[in-house]
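K.L.:
Got a predicted structure here, sequence first:
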Amino acid sequence: MKFIIYLSVIVGIFFSAQSSAQKEDHAPYLVYLKSHFNPCVGVLIKNNWVLAPAHCYLPNLKVMLGNFKIRIRDGTEQAINPVQIIRYWNYSHSSPQDDLMLIKLAKPAVLNTKVQPLPLATSNVWPGTVCLLSGLDWSHDNSGRHPDLRQNLEAPVMSDKECQKTEQGKSHRNSLCVKFAKVFSRIFGEVAVATVICKNKLQGIEVGHFMGGDVGIYTNVHKYIHWIESVTKDK
């Protein structure tokens with residue numbers, strides 16, 4: 001993972017020579033999970049709940065929302081401690097299946113232009129549907145460890161049959177596969193391409209080591225909707 005992150009930074013420097021400004025995309029649902037280890041990305045699904053990959057269960061975790069830029073402050077920045085972390089009951093480190101967890105925030109997030117919850121998918125998506133891949137990236141002037149930009153790209157969803165033929169997809173169940181374009185206008189690190197959003201709803205969230213060639217493997221959120229709703233419902 002470190003190699004991919006470093007590669008992203010190096011390629012970002014390469015592209016900076018061709019672009020005087022790096023645009024940040026609008027993705028107010030993204031949450032940066034900051035810890036002493038590798039950075040992770042989650043999604044705000046309610047004002048007090050975040051959905052994230054279970055492999056992001058890391059020590060000293062802090063939930064960062066709003067503006068992530070270190071050198072610029074715009075008043076939307078929020079840092080909230082988790083009060084409860086619930087991993088999916090069947091998750092195992094030995095197998096990247098069921099790679100989901102829910103994080104309950106110690107206090108509700110303050111919603112603003114850069115902090116907004118994202119609805120969950122309530123059905124499967126048809127193969128060939130072009131969805132938005134949304135995540136975090138490093139700006140050209142950021143040589144640090146943590147990403148500071150929201151970035152988006154589009155890619156089509158693959159059929160289950162196509163997915164099962166890939167090296168990554170054959171070992172995953174409840175998965176969602178997307179086909180990356182051969183050439184990107186931007187280059188992402190592994191942490192960046194963290195979510196699949198179809199028809200303005202969260203359809204997929206990344207599992208460990210999801211990138212391989214031109215295929216991305218994601219946990220299909222729709223398969224876990226009942227578990228998510230039962231955990232996050234108001235008591």
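P.N.:
All right, it came through fine. Residues are numbered from 1 along each chain as shown.

K.L.:
So what does Trp227 look like in phi/psi?
P.N.:
Per-residue torsions, Trp227: phi -60, psi -40 (degrees, to the nearest 10).

K.L.:
Please read the previous query as pertaining to Ile228.
P.N.:
Torsion angles, degrees, to the nearest 10, at Ile228: phi -60, psi -50.

K.L.:
Kindly give the local confidence score, pLDDT, for it.
P.N.:
For Ile228, the model assigns a pLDDT of 96.

K.L.:
quick one: it from Leu120, how far?
P.N.:
Distance of Ile228 to Leu120, given as CB to CB, to the nearest Å: 7 Å. Heads up, the C-betas are built off the backbone N, CA and C, glycines and all.

K.L.:
Show me where the chain has its helices.
P.N.:
For the chain, the helices defined by DSSP state H occupy 2-16, 160-165, 225-232.

K.L.:
these two touch, right, Val31 and Gly66?
P.N.:
No: here Val31 does not reach Gly66: they are 9.6 Å apart, not a contact under CB atoms under 8 Å.

K.L.:
Between these two, tell me which one has more neighbours.
P.N.:
Neighbours per residue (other CB atoms under 10 Å) separate Val31 from Gly66, with Val31 holding more: 28 against 21.

K.L.:
in the sheet, who's paired with the more buried one?
P.N.:
Gly42 (DSSP bridges).

K.L.:
sorry, back to before: overlap of the contact sets of Ile228 and Leu120?
P.N.:
Ile45, Leu51, Val221 (CB atoms under 8 Å, 6 or more residues apart in numbering).

K.L.:
Can you list the low-confidence ranges for the chain?
P.N.:
1-22, 93-97, 181-193, 207-213, 235 (pLDDT under 70).

K.L.:
From the centre of it outward, give me the first residue you hit.
P.N.:
Ala194 (2.6 Å; CA atoms, centre = their mean).

K.L.:
And that one, how far from Gly204?
P.N.:
9 Å.

K.L.:
do the same with Leu102
P.N.:
16 Å.

K.L.:
So which of these two has more stuff around it?
P.N.:
A direct count of neighbours by other CB under 10 Å for Leu102 and Gly204 places Gly204 higher, at 27 against 23.

K.L.:
could you list every residue that touches the residue nearest to the centre of the chain?
P.N.:
Taking CB under 8 Å, 6+ apart as the test, what Ala194 contacts is Leu30, Cys40, Val41, Ser134, Gly135, Leu136, Ile205, Glu206.

K.L.:
which residues touch Gln84?
P.N.:
Ile103, Lys104.

K.L.:
and it, bridged to which residues?
P.N.:
In beta-bridge terms (that is, DSSP bridges), Gln84 pairs with Lys104.

K.L.:
Strands along this protein, start to end?
P.N.:
30-34, 40-46, 49-52, 62-65, 78-80, 82-87, 101-105, 130-137, 149-156, 175-179, 195-198, 201-212, 215-220 (DSSP state E).

K.L.:
Figure out which of these is closest to Asp234.
P.N.:
With distances scored as CB to CB, the stretch of the strands of the chain nearest to Asp234 is strand 40-46 (9.3 Å).

K.L.:
which residues are in contact with that closest one?
P.N.:
29-33, 50-53, 55-56, 58, 63, 65, 103, 109, 115-120, 135-136, 191-192, 194-195, 202, 205-206, 228, 232.

K.L.:
ok so, going back, I'd like the strands of the chain written out as CSV, with distance to Gln164 added.
P.N.:
Shown next, in CSV, are those (distance: least, CB to CB, whole Å):
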stretch, distance to Gln164
strand 30-34, 29
strand 40-46, 26
strand 49-52, 25
strand 62-65, 35
strand 78-80, 39
strand 82-87, 26
strand 101-105, 26
strand 130-137, 19
strand 149-156, 17
strand 175-179, 9
strand 195-198, 18
strand 201-212, 14
strand 215-220, 11
